[in-house]
Structure formats: C-alpha cells, structure tokens
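Asker: below: sequence and its predicted model.
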Amino acid sequence: MAVSVVALFLLGDAVLRAGWGAALLLAPWVLLVVWVVYVLMYASCIAIDASGATVQNYVRRTMMPWAHVEDVRMRWQAVFTLDDGTEVKAFGGPVAGRPGRAERRAEARPGSPPPALRELSLIQDEWQTAREQGAPAGDVRRSWDYGTLYAFAAILVWAVVAVIIAGGP
C-alpha cells in the first residue's frame, strides 16, 4: 500500500514538474518497482478449500488435492509433503518466527498459541476433515500466475519504448 502511494506521488510530481510526456517516460520504472514489491511481499499465499490447497510462491502456483497431501507441518514456513515425496514450501503462509513480546501482541492471552500455529492448525484441520470424508483425487497441477507475468511483460515493453523514445543509452 505504501509503495503504491509513493509511486502515485512520484508520478504526480513528474506530471506537475515535467508534463505528461516525461511522466509517461518515467512511469515504467516506477511501476517496475511496484511490481517487484508486489511479487516479493504480497503475491505469495495459501488458499485452502474442501478439495485441496493452492500454494502460490511469487509467480508460481501449485494446486494440490488433499488426497495427494501426506503431511502438513511447520518448519520455517508451512510445508506440504505430497505422496510422491516432494515438498511444497509455502512462502506466503504462516511463518515460525521469534515470539514477540506479550504486551505488544493484542491477541496474547495466557496459554494462547502463536498466530502461525493457529493458522497451521486451521490448514491441518481442513486437510484431516477432507481425508476423513474421502477427498476426491486429482492431479497436482503447477502453473504460473499469468496475470502478474503479463503485467511484467507490459511494463518491460513500456520501458523499452520509453528508452527508445528518450534516445536510449
């Protein structure tokens, strides 16, 4: 969020100081920074439902039906072990971090587990429930986050055009 606000400020400043033409030549470089921050900090996530789990690490997605998941555990982050022995580490899921100071954590109660362990237990509960109910088997699918990659390609094309228009190096 803060990166987007800074990017809008910088582009607005470029429009006011140099005009729309110069702002359009500067925009791909600012947007490239916004894209990198998005991919590194926000794109990675875990999504679960009754049929399985989807782990997105940066721009790569892995969709795993619960029938293929052998174990869900925490190492440094959530790790899904599949029936073929491969491990899928979830960069955007719960993370085993250093415990914070109790007085700083709003949800801190005596005997309350850390947030990462609560989130992991929710994933494990969904996995156990699906296995007990006989979750349908399907193939483990891996794909790319095409929307994010298309945005990157558009920014790169825009940057190349801006370099050509500006006279290039």
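Answerer: Structure received.
Asker: show me where the protein has strands.
Answerer: 45-48, 52-57, 60-65, 69-74, 77-82, 87-95, 141-144 (DSSP state E).
Asker: with respect to those, which exhibits the lowest mean confidence?
Answerer: Mean pLDDT values for the strands of the chain show the minimum at strand 87-95, a mean of 86.
Asker: run the angle between it and strand 69-74 for me.
Answerer: 40 degrees (axes from the mean of the first three to the mean of the last three C-alpha atoms, to 10 degrees).
Asker: what helices and strands are in contact with strand 87-95?
Answerer: strand 45-48, strand 52-57, strand 77-82, helix 115-132 (3 or more C-beta pairs under 8 Å, 6 or more residues apart in numbering; DSSP states H and E). Where C-beta positions appear, they are placed from N, C-alpha and C, glycine not excepted.
Asker: low-confidence regions, the chain specifically.
Answerer: By pLDDT under 70, the weakly predicted segments of the chain are 96-112, 168-169.
Asker: quick one, domains of it?
Answerer: If you go by automatic domain parsing, the domain ranges for the chain are 2-42+147-166, 45-144.
Asker: any chance of the ones you listed in CSV, plus mean neighbour count?
Answerer: Conversion of these to CSV gives the following (neighbours: other C-beta atoms under 10 Å):
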stretch, mean neighbour count
domain 2-42+147-166, 14
domain 45-144, 15
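Asker: check contacts around the residue nearest to the spatial centre of the chain.
Answerer: The centroid of the chain falls nearest to S44 when counting by C-alpha atoms, centre = their mean (1.6 Å). S44 is in contact with Q56, N57, Y58, A90, F91, G92, counting by C-beta atoms under 8 Å, 6 or more residues apart in numbering.
Asker: may I ask which two of those residues are separated the most?
Answerer: Y58 and A90 (11.5 Å; C-beta to C-beta).
Asker: show the contacting residues for the nearest residue to S143 once chain neighbours are set aside.
Answerer: Distance criterion C-beta to C-beta, 6 or more residues apart in numbering; nearest residue to S143, sequence neighbours excluded, is R61 at 5.0 Å. Neighbouring residues of R61 by C-beta under 8 Å, 6+ apart: T54, V55, R142, S143, W144, D145.
Asker: pretty sure the last one contacts N57?
Answerer: No: the pair formed by D145 and N57 falls short of the contact definition of C-beta atoms under 8 Å, at 9.8 Å.
Asker: and of the helices and strands packed on strand 87-95, who's closest to V5?
Answerer: With C-beta to C-beta as the criterion, V5 lies closest to strand 45-48 of the helices and strands packed on strand 87-95, at 22.3 Å.
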